[in-house]
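Trainee: For reference, the sequence and a predicted model appear below.
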Amino acid sequence: LTACARAPWRLPGSADFGVWWLTQSLIFMSEGFEGTAPVYAVADGVLMRPGDWVGAVAILHDDPLRPGQKVWTYYDGMASAWGERSYVAAEFPPGSEGLPVKKGQLLGYQGTWHKPGLSIWPHVTFGVAEPLHADGGFPLHLLTGQAPGDPNNQPIVLIKPDGSSPRTLTAPNTRGHAPILSPDGSQYAYIRYAPGTREFLLQIDTLQRTDPRLASSYWTGNPLLQEQESPAWSPDGKWIAFVAQGLGAAATDLYRVAIVDRRGDPAQLERLTSDNTIESWPAYSPDGTRIVYAADLSLIAPGGATDLRILDLTTKQIVTLTTNGADLVEAAPHWSPDGETIVFQAVAAGSRTASIYRIPAAGGTPELLITSDSDDIQPRFSPDGRFIVFSSNRTGNWDVFIFELETETLYQVTNAPHTDVANDWSR
């Protein structure tokens, strides 16, 4: 792979195994071992590397296609898979800013892309972006990761409903989102961010951090599933449902994996949907026989339509619960303990904020339950069905609240400057 003869920029590195377009970036994959394939600056510019960037740098250049304007390039993945080792060149330590670099200057070395049961491919992720402001500010919204204030990647915390006794479950410098507790309360699962590869992976561990493991180890990592999200534990503790995108798939589908045989077996993974809708947010019924989830129809029916659907795990039949199209864009459903009601968040047509609704599990008309001038998201029933925990930025910060259904009383659980988003309630 070589650059065109008249190209104003050089390539950032080799790609013996090819180039993959993923998440607004190009991934250059090379043969060999991690920390050996060089990464180069594509053009002259000024480099920055914030203190929390483990395997990434960004460079501000003169735009070769628009004289007088600037453009950023960023280079990520120069680290081991979990970010414990950085392969960025020593002359660009964390906290670097305003360092001049030349075209072809060594920036570091390609890091590891590792999947259980598959090969190891060193890679670098390369992207191009316009400055955030006229002064050349870097567009941080393009990066995922452990940036302060990032609501999608925070330490996983266990807390009592009255806001007392917070306990951080994840190890230091480990962040993620969408945590769930096992029915017996001995384990938890969450979506962990891997800074070395900018991936999101379904991770399982005990509350004491004594048994960390990837959920993919239960199916030996074959097939390869990207964009793993939205885990939900079955009431009997034997399955975890989640959504992911298989190689070649047009969108995310619904899967479940049996958390049974630690030796790993591809047969423990079951694909539950296979269509062109974008599935998300699965939640089990109390008896474990059905899953409610959100289905985004935008790939097959333009207009932003999203509906809630219910999958029968025995017959594999799917029933559409809501049919309001783009009038109500639903997400994050959750079943009441008696199985009669489903709560969910939704954005109504013409609104810019999410509110919380409920609907009979047998079907009916959605009823507005909790609303404010801000976003109210991710409702979850208490085990006795009397309360709903949810998260809101109505205070100007993301905090956790509890709503008592009988009295319609609202309680604020957290009140801290950092991001707090609830996702589960212990049984």
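Mentor: Structure's in. What do you need?

Trainee: Now do the end-to-end distance for stretch 254-262.
Mentor: With Cα to Cα, to the nearest Å applied, stretch 254-262 spans 22 Å between its terminal residues.

Trainee: Show me which residues of it are buried.
Mentor: Neighbour-count burial for stretch 254-262, counted by 16 or more other Cβ atoms under 10 Å, picks out L254, Y255, R256, V257, A258, I259. In short, each C-beta sits where N, CA and C put it, glycine included.

Trainee: Tell me which residues are up against it.
Mentor: 204, 215, 217-219, 225, 234, 237-244, 268-273, 279, 282, 291, 293, 311 (Cβ atoms under 8 Å, 6 or more residues apart in numbering).

Trainee: which of those residues are buried?
Mentor: Buried residues within the contacts of stretch 254-262, counting neighbours by 16+ other Cβ under 10 Å: 204, 215, 217-219, 225, 234, 239-244, 268-269, 272-273, 279, 282, 291, 293, 311.

Trainee: Which ones among those residues map onto helices?
Mentor: Counting by DSSP state H, none of the members of the buried ones among the contacts of stretch 254-262 fall within helices.

Trainee: Quick check: which element contains Y255?
Mentor: Element membership for Y255, per DSSP states H and E: strand 253-258.

Trainee: Sheet-wise, list the partners of that strand with their directions.
Mentor: Strand 253-258 pairs in its sheet with strand 239-246 (antiparallel), strand 269-271 (antiparallel), by DSSP bridges.

Trainee: so which of those strands comes closest to T395?
Mentor: When the strands paired with strand 253-258 are compared by Cβ to Cβ, strand 239-246 sits nearest T395, at 30.4 Å.

Trainee: what is the rounded mean pLDDT of that closest one?
Mentor: Mean per-residue pLDDT for strand 239-246: 96.

Trainee: Same question for stretch 159-169.
Mentor: On average, stretch 159-169 scores 86.

Trainee: Same check on stretch 178-198?
Mentor: 86.

Trainee: Lowest pLDDT pick from the buried residues of stretch 254-262?
Mentor: Lowest pLDDT within the buried residues of stretch 254-262 is found at I259 (94).

Trainee: how near is it to P235?
Mentor: I259 sits 13 Å away from P235, going by Cβ to Cβ, to the nearest Å.

Trainee: For stretch 405-416, list every residue counted as buried.
Mentor: With burial defined by 16+ other Cβ under 10 Å, the residues of stretch 405-416 counted as buried are L405, V413, T414.

Trainee: Same check on stretch 67-78?
Mentor: By neighbour count with 16+ other Cβ under 10 Å, stretch 67-78 contains the buried residues K70, V71, W72, T73, Y74, Y75, D76, G77, M78.

Trainee: same question, stretch 325-343
Mentor: 326, 328-336, 341-343.

Trainee: And the average pLDDT for that stretch is what?
Mentor: For stretch 325-343, the mean pLDDT works out to 94.

Trainee: still on that earlier bit, looking at the buried residues of stretch 67-78, which are in helices?
Mentor: If you go by DSSP H, these have nothing in helices.

Trainee: With pLDDT and distance to Y109 added, can I get those residues in TSV?
Mentor: Formatted as TSV, these follow (pLDDT from 0 to 100; distance: Cβ to Cβ, whole Å):
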residue	pLDDT	distance to Y109
K70	90	27
V71	91	24
W72	91	21
T73	92	17
Y74	89	16
Y75	92	11
D76	86	13
G77	85	10
M78	90	6
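
Trainee: JSON lines please, covering the residues you listed and showing distance to I359.
Mentor: Listed next are these as JSON lines, based on distance: Cβ to Cβ, whole Å:
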{"residue": "K70", "distance to I359": "50"}
{"residue": "V71", "distance to I359": "48"}
{"residue": "W72", "distance to I359": "45"}
{"residue": "T73", "distance to I359": "47"}
{"residue": "Y74", "distance to I359": "43"}
{"residue": "Y75", "distance to I359": "47"}
{"residue": "D76", "distance to I359": "42"}
{"residue": "G77", "distance to I359": "43"}
{"residue": "M78", "distance to I359": "48"}
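
Trainee: wait, which of the residues you listed is closest to I356?
Mentor: Out of the buried residues of stretch 67-78, the member with the shortest distance to I356 (by Cβ to Cβ) is D76, at 36.1 Å.

Trainee: My guess is Y109 contacts Y40. True?
Mentor: No - using Cβ atoms under 8 Å, Y109 is not in contact with Y40; the gap is 10.6 Å.
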